[in-house]
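Enquirer: Sharing a model prediction with you, sequence too.
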Amino acid sequence: MTRRIKVEALARVEGEGALDVTVRDGRVTALHFRIFEPPRFFEALLRGRPYSDAPDITSRICGICPIAYQLGAAQAMEDAFGVVVSPEIEALRRLVYCGEWIESHVLHVAMLHAPDFLGLDDALLMAKTHPEVVETALRLKKLGNRLLEVVGGRAVHPVNLKVGGFYAAPKRAELLALRPELDWAAAAARRLLRTVAAFDPPDLTRDYLFVALRHDRDYAITGGRLASSEGLDAPIAAFPDLFDEHQEPNSTALHGRTRDGRAYMVGPLARWAINGDRLLPDVRAEAAALGVAPVERNPFRSIVVRAAEVLQVVLEAQRLVDAYRPPDPPAVPVEPRAGVGVGATEAPRGLCWHRYRLADDGSILEARIVPPTAQNQPTIEEDLRQVVERGLALDDDALKWRCEQAIRNYDPCISCATHFLRLKVHREP
Amino acid sequence: MTRRPKLAVWKFSSCDGCQLQLLDLEDDLLALADAVQVAVFLEATRATAPGPYDLSLVEGSITTAADAARIRTIRRQSRVLVAIGACATAGGIQALKNLADAAEWVRAVYPRPEHIATLATSTAIADHVPVDLELRGCPVDRHQLLEVVSALLAGRRPALPRTAVCTECKRAGHPCVTVAAGTPCLGPVTQAGCGALCPRVGRGCYGCFGPKETPNLPALTAQYAALGRTSAEITLALRLYNADAAPFREEARRHDPPHQG
């Protein structure tokens, strides 16, 4: 018996998701998940622009994680020009990135993904059934945005970051003013983690190839070396030798695979598996007490790891604020020269990689940006294949919702992360 | 009890940052959700309700034939339609392709360009349908967005500044970056609304709120030239997030070296 499951793209969000599945005798014989969004051609429009434009322009790729683009671009330029920023600048970059992780993760965990586990359409309904969770989440998210505003000047598309550092260093008093709210947030993040750790995840365990940055001291956020669950250890410049992007027919997102053609996963589960020993002991203990394993292989547990990462960055932000010394100067001077530079950071959704080739006046000759969602797309397909096979007993609406929830495990981007699939099931005798 | 007004939020080609400003109204979000019926807001909910809609907020620019058709459908279903953000009001950063060889851009980014179906241009919502109000910014300011929604639902005109960024910069007491440091700044020709964020950190305004009413661009670019900026640099400064807004577009064209034109 053949069952055709067709999910038509819709609800114009960050593009259309399309899922087309053919099931024969209880086995998925074909499955294609595609993201289609109108292309915006960032790699093309950057050509001919000065190096200093790259952080602000690439920020416009994503309103939810602009720091990932601003910082990756700035690092790539600094790499090309042979510039190293001061430890104070590096610490302030990490602090503003903590703000982005809080804002992005809390939005996804509490307002976009949690409703799936509670059988609700959205966080607005959740505000009626679980008001304390939604109110806590909104306040946490606001704190993340405050960090972005105080350090970055604006929550969406910050204005204070540049190649070499910052236009102006925030005053110590401005950051210390956030300390009481950070203290509240540390307790709130523990509550949020406990809430989502108690969710009952659909059963699915897979043997993923995890890929993340790894830092010699920190839980990698602002930089590190390429690492994998198979022991990879390579500089970020080696990325194109190790990973490739393919374009699937009728898709505008490029699909990432290893050079030998395998799907891999970036994002919270990958970071957790690879960098668990770099977590604050407090976070590791709290997570362990709630039953979070050192390596989580159920993608539906990503919500729990995201919540643990929120606790990690809230506690880090506390320390960074306490230790803050305004960088002086706020930016190191840069002298443009011809060359190639690479930059990579851990965006909330996973590894985000940049490379630019520059002319001797610092104008951009060539740009390449590999965002996390493109890398995860083949893995999302593989997950969906198993979700469908395991869920064939579900009726169409329940199976559709389960597929949406599985896609949201990757927080692919805010709009993609909401419910956008229109499912059609063709039953053939 | 009176019927709650139906709010719809629509996305076209964009980064999601403007509609995110709704979710970033942390203190007011739940009150807003109680005051309106959120009929379509895919960034926040899987539940949707059919039109007509009392207020449609439209983010993003038109870059495909399908989207050009879709905005006409949305317009027919919307009593009031507001374009939010630089993409929706000027085509956004992706409108830089309007000046370029769009087919070459597709080849530059995609190994299999035959699968990419887009228009040669990225255009504002108002180029396709009548728009009741345009809210500027890349991204829009969340307090302005709340003011627009509140005012329209109350049947009054939103209180939005039409002055230059300079006005709010002076009011905030920031030192003028051009006068004090010789830094080029688009503040004199850019519409207020951001709160003069860039001058606050000692940076020149880069015009993300687009041109103000009747901007004096030739005077400003003369100042850029006096500060040592070349025509090519002036052109690049005007060709950013509001590159296709008419005053910026025309002034940039005036400075554009012929071989690029």
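Expert: Done, it's in. Numbers count the residues shown, from 1 in each chain, chains lettered A, B, ... in the order given.
Enquirer: Regarding the residue lying closest to A:P371 once chain neighbours are set aside, what is its secondary structure?
Expert: Distance criterion CB to CB, 6 or more residues apart in numbering or on different chains; nearest residue to A:P371, sequence neighbours excluded, is A:C352 at 5.6 Å. In this view, the C-beta of every residue, glycine as well, is placed from N, C-alpha and C. With DSSP: H, G, I helix; E, B strand; the rest coil as the basis, A:C352 sits in strand.
Enquirer: Quick check: pLDDT value at A:C352.
Expert: pLDDT, A:C352: 93.
Enquirer: Looks like it contacts A:A374 (just checking).
Expert: No: with contact defined as CB atoms under 8 Å, A:C352 and A:A374 do not form a contacting pair (10.0 Å).
Enquirer: is it true that B:L197 touches A:V159?
Expert: Yes: between B:L197 and A:V159 there is a contact at 5.1 Å, judged by CB under 8 Å.
Enquirer: any common contacting residues for these two?
Expert: Residues within reach of B:L197 and of A:V159 at once, by CB atoms under 8 Å, 6 or more residues apart in numbering or on different chains, are A:G153.
Enquirer: and the closest residue to A:A137 other than its chain neighbours, what is it in contact with?
Expert: Excluding its sequence neighbours, the residue lying closest to A:A137 (CB to CB, 6+ apart) is A:A110, at 3.3 Å. The contact partners of A:A110, taken as CB under 8 Å, 6+ apart, are A:123, A:133-134, A:136-137, A:140-141, A:192.
Enquirer: Next, count neighbours for the closest residue to chain B within the stretch 51-200 of chain A.
Expert: Residue of the stretch 51-200 of chain A nearest chain B, by CB to the nearest CB: A:G63 (2.2 Å). Neighbourhood size, A:G63 [other CB atoms under 10 Å in any protein chain shown]: 26.
Enquirer: Next: B:D34.
Expert: 12.
Enquirer: any idea how far it lies from B:L7?
Expert: 12 Å (CB to CB, to the nearest Å).
Enquirer: And for A:L107?
Expert: Look at A:L107 and B:L7: by CB to CB, they are 19 Å apart.
Enquirer: So for the helix or strand containing A:V133, what gets flagged as buried?
Expert: Per DSSP states H and E, A:V133 falls inside helix A:131-152. By 16 or more other CB atoms under 10 Å in any protein chain shown, the buried positions in helix A:131-152 come out as A:133-134, A:136-152.
Enquirer: Just want the phi and psi numbers for whichever residue of chain B sits closest to chain A.
Expert: Nearest residue of chain B to chain A: B:G17, at 2.2 Å (CB to the nearest CB). Reported as degrees, to the nearest 10, the phi and psi values for B:G17 are phi -70, psi -30.
Enquirer: Can you give me the neighbour number for it?
Expert: B:G17 has 26 neighbours, counted by other CB under 10 Å.
Enquirer: How about the one 5 residues further on?
Expert: Other residues within reach of B:L22 by the criterion other CB under 10 Å amount to 25.
Enquirer: for B:R156, same thing?
Expert: Neighbour count of B:R156, defined by other CB under 10 Å: 9.
Enquirer: how about it, what does it touch?
Expert: Contacts here follow CB under 8 Å, 6+ apart; on that basis B:R156 touches nothing.
Enquirer: How much space separates it from B:R253?
Expert: 39 Å.
Enquirer: And A:N250, what's its pLDDT?
Expert: Listed pLDDT for A:N250 reads 55.
Enquirer: who are the neighbours in contact with the residue nearest to the spatial centre of chain B?
Expert: In chain B, the residue lying closest to the centroid (CA atoms, centre = their mean) is B:A86, at 1.5 Å. Under the criterion of CB under 8 Å, 6+ apart, the neighbours of B:A86 are B:92-93, B:136-138, B:208-210, B:241-242.
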